[in-house]
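Engineer: please find the sequence and the predicted model below.
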Amino acid sequence: MQYISLRNLNFILHEVLDLAELKASERFGAFDDEAIDFSLDAAQQLADQYLWPAYREMDKTKAYFKDGQVHVLPAVSEGMQALGESGWLSATWGFEEEGQQMPLTVQNAGSLIFQAANSNLAAYGFLTTGAANLIREFGSQALKETYLPNMAAGKWQGTMALTEPQAGSSLSDITTYYEQQSDGTYLIYGQKIYISGGDHTGVENVVHLLLARQKDGPKGGKGVSLFVVPKYLPTESGLEDNNVTTAGIYGKMGQKGYVAAHLMYGEQGPTRGFLVGNEFRGLNNMFLMMNEARIGTGMMAAGAASAAYYASLKYARERPQGRHPGNKDVNAPQVLIIEHADVRRMLLFQKAVVEGSIALLLKCSLYEDTYRIKQDGRSRLLLELLTPIAKSFPSEYGIESVSMGMQVLGGAGYTDDFPLEQIYRDIRVNSIYEGTTTIHGLDLLGRKVMLEGGKAIQLLAEELQTSLRQAGEYERPAALARVFGGSLGELQEVLQHLLGLAKSEDDPRVFLADATIFLDYFGLHVIGWMWIEQATAAARAFDTANTVGGNSLGTGDLDFYESKLVTAEFFFDYIFPRTRGLLRTLRSKNRVTLQAEARHLV
């Protein structure tokens, strides 16, 4: 069963993105093209062996809570240890940390394979990596030595324990608190909800990276600190109970194999925590993991959408039904449904969303890698600006994409004989994970576009102009670039209009009322950029083959590059025009959502 395209990943890594600077650097020099290809092949083999075979079973035999324990299938333990033993959980760590010094761009390409194969299982592993990275970045040497080896090996689970019943995404309102002890440790009191990977039998220990505030300390975000709070305390004599109590797990619409737990701390005895970084810097430090998790959520969504695309593509290539319009001969054989124009429309929509999302996620990963080796403000600002899109576009459009995949299958898509119905349930949560789409709209418009006086937007404009110039060298990409370039002018006008509201209106609600609409509008332009770049790379491949004398591309390559050009054209003909309606809303002087009152919603 195909669930992702290695050919597409290789195309983006080798032909769309410019990895020359990474490969020439001291840190990433070991990862030449051959090493990258080898890594992705290895990821595919691991996914085929440990992840994909368990995907349907983790839904049918879901995680459950009984006798104080959260039970999961043995496949979770086997998959976690396979990810750990193969080095994927610590792949980006330095050699001195027993890592591979793999570029994040390559690791995330591998992660896309794992997420497409089984997002339920892959999420456990890469949540653990994110928690471990917080300890690596801010933890003491003692914490690193105690926790990192077992987390890297997939023996211990990591979590981010943030959400509380009364706080939700408003982390400055958490009430879980701590008291410092004479031995330098802290006692933790409170509860956390919806904690992914929060407790399960697939690992020996669970390590919570937890936010809490000082008892009777400062209110708001300034009083929050970050702690390592293990389920079991590592001691010289073994693991000892730390009184982290699981109250239960949540019954979910999807991702039934990926646990979401309700946890209590300090209710059945002392729960000890260990400060990570400086006191009262908890929110600042946690943003490292939150930003990783936002990109990770985008990858989870893109992976799910990819699996749905290839499932519906396979069905469309095998299912005969109907005849072409105009053919009234009932004795004529039925045609495969992929021959029908509207079925191809739905498949092209899926392909455009999946491959556009993957391109953006890997470009964001490249910005992160570039920042690691250069510590440059340009890469950091571009990554900050694009992160809300990298999380929200694959999540929101991925849901629509999987829905279209179900439609390709017709009635069969609604049954559990095929994976589409499970993928549809699984992907739905991605627009909620790590901040709802609304929160990312507020983040983009209310913060990111104004970073350093609008410098992030200016840098993005420079990147876009470079891509447009390159596209102009080839006939078919140049035609798309003209459409895209015209819309970029309108995007700039809308930005100026909205920023004008921010300055002229006393009530910030006016400026931010349609932040989610702006997120969608801006996101379509960012994905349009990704398709301009992919179309240009495909046209360049054709041009190079013709220049060296005769078309040296094989049939498979010819079809692949042509598919990129066709999909780019589809994106600009069928998806990008949505910007027109969004533009009208953003320009409107009506304030319907602000003026409507609760009494109007009856």
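Structural biologist: Done, it's in. Since we're looking at a predicted model, the values are computed, not measured.
Engineer: okay, and the beta partners of residue 212?
Structural biologist: residue 225 (DSSP bridges).
Engineer: give me the domain ranges for the chain.
Structural biologist: Domain assignment of the chain by automatic domain parsing yields the ranges 6-151, 154-285, 290-592.
Engineer: could you dump those to TSV with mean neighbour count and distance to residue 602?
Structural biologist: All C-beta spots, glycine's among them, are computed from the backbone N, C-alpha and C. Conversion of the domains of the chain to TSV gives the following (neighbours: other CB atoms under 10 Å; distance: least, CB to CB, whole Å):
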stretch	mean neighbour count	distance to residue 602
domain 6-151	20	38
domain 154-285	19	26
domain 290-592	19	16
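Engineer: closest one to residue 600 among those domains?
Structural biologist: Taking CB to CB as the criterion, residue 600 comes closest to domain 290-592 out of the domains of the chain, the separation being 10.0 Å.
Engineer: how far away from the center of its chain is that closest one?
Structural biologist: 13 Å (CA atoms, centre = their mean, to the nearest Å).
Engineer: going forward, the N-terminal residue is numbered 751.
Structural biologist: With the count now opening at 751, the last piece we talked about shows up as domain 1040-1342.
Engineer: give the rounded mean pLDDT of the lengthiest helix in the chain.
Structural biologist: For the chain, the helix with the greatest residue count under DSSP state H is helix 1032-1068. Averaging pLDDT along helix 1032-1068 gives 94.
Engineer: then stretch 1072-1083?
Structural biologist: 86.
Engineer: start and end of that stretch, how far apart?
Structural biologist: 8 Å (CA to CA, to the nearest Å).
Engineer: just confirm residue 1088 is within a helix.
Structural biologist: Yes: under DSSP: H, G, I helix; E, B strand; the rest coil, residue 1088 sits within a helix.
Engineer: residue 907 against residue 950, yeah?
Structural biologist: Yes: here residue 907 lies in contact with residue 950, judged by CB atoms under 8 Å, at a distance of 7.1 Å.
Engineer: so what's in contact with those two at the same time?
Structural biologist: Applying CB atoms under 8 Å, 6 or more residues apart in numbering, one finds that residue 907 and residue 950 are jointly contacted by residue 956.
Engineer: before we move on, the earlier item: for residue 1348, which of the domains of the chain is the nearest?
Structural biologist: For the domains of the chain, the distance to residue 1348 is smallest for domain 1040-1342, at 14.2 Å, taking CB to CB.
Engineer: for that closest one, how far is the first residue from the last?
Structural biologist: 33 Å.
Engineer: helix/strand/coil for residue 989?
Structural biologist: Under three-state DSSP, residue 989 comes out as strand.
Engineer: for the residue most central in space within the chain, give me its contacts.
Structural biologist: Central residue of the chain (CA atoms, centre = their mean): residue 1048, 1.9 Å from the mean position. Applying CB under 8 Å, 6+ apart, one finds that residue 1048 lies in contact with 1107, 1110-1111, 1140-1145, 1180.
Engineer: likewise residue 1042?
Structural biologist: 880, 883.
Engineer: again with residue 756
Structural biologist: Neighbouring residues of residue 756 by CB under 8 Å, 6+ apart: 790-791, 794, 863.
Engineer: counting only strands, which of the residues you listed make the cut?
Structural biologist: Residues of those located in strands (DSSP state E): none.
Engineer: biggest separation within those, which pair?
Structural biologist: Within those, 791 and 863 form the most distant pair, 9.9 Å apart (CB to CB).
Engineer: after the longest helix of the chain comes which helix or strand?
Structural biologist: Counting by DSSP states H and E, the next helix or strand C-terminal to helix 1032-1068 is helix 1091-1124.
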